[in-house]
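Trainee: dropping a prediction and its sequence here:
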Amino acid sequence: MADYLADVRKYDATADEGAVNKIVKHLGIALRNRDSSLVSCSDQSELDRVREKWCMKKFGETDAAKCDSVIEKVCQSMSGDNSKSRVTFYYLVAKHLGKLSAL
């Protein structure tokens, strides 16, 4: 768990440990496989999945363009990281949407 929190704190020094823990629990078994534990910003189907399953379904966001904009911002902010942790990515999407409290 500490590794996930440390990775999130590379992008948000004051990251909420409780929110990170909730994301880890939400993702569950997906984090056991290296491939599914990472997000690829160059894979449009991956980004579509983040939009549909995380942004819209989990948080009830109805504006797909807003979700796409937030996902693009997160991709840009994590561009220097070749292995984008799904936990960190999802945390940053939630933060940009103002939905950390909804976790």
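Mentor: It's in.
Trainee: what residues are up against the closest residue to Lys99 other than its chain neighbours?
Mentor: Leaving out its chain neighbours, the residue that sits closest to Lys99 by C-beta to C-beta, 6 or more residues apart in numbering is Phe59, at 4.6 Å. From N, CA and C alone the C-beta is placed, and that goes for glycine too. Phe59 makes contacts with Ala94, Leu97, Lys99, Ala102, as judged by C-beta atoms under 8 Å, 6 or more residues apart in numbering.
Trainee: check which helix or strand covers the first one.
Mentor: By that I understand Ala94. Assigned by DSSP states H and E, Ala94 belongs to helix 86-97.
Trainee: which parts of stretch 55-65 are buried?
Mentor: Across stretch 55-65, burial judged by 16 or more other C-beta atoms under 10 Å covers Cys55, Met56, Lys58, Phe59, Glu61.
Trainee: show me which of those is closest to Cys75.
Mentor: Cys75 lies nearest to Cys55 out of the buried residues of stretch 55-65, by C-beta to C-beta, at 13.2 Å.
Trainee: that closest one and Cys67 touch, don't they?
Mentor: Yes. In this structure, Cys55 is within contact of Cys67 by C-beta atoms under 8 Å, at 3.8 Å.
Trainee: mind listing the shared neighbours of these two?
Mentor: Listed as contacting both Cys55 and Cys67 by C-beta under 8 Å, 6+ apart are Glu61, Leu97.
Trainee: look up how far Asn21 lies from Tyr91.
Mentor: Applying C-beta to C-beta, to the nearest Å, the value for Tyr91 to Asn21 is 11 Å.
Trainee: again, but for Gln76
Mentor: According to C-beta to C-beta, Gln76 stands 26 Å off from Asn21.
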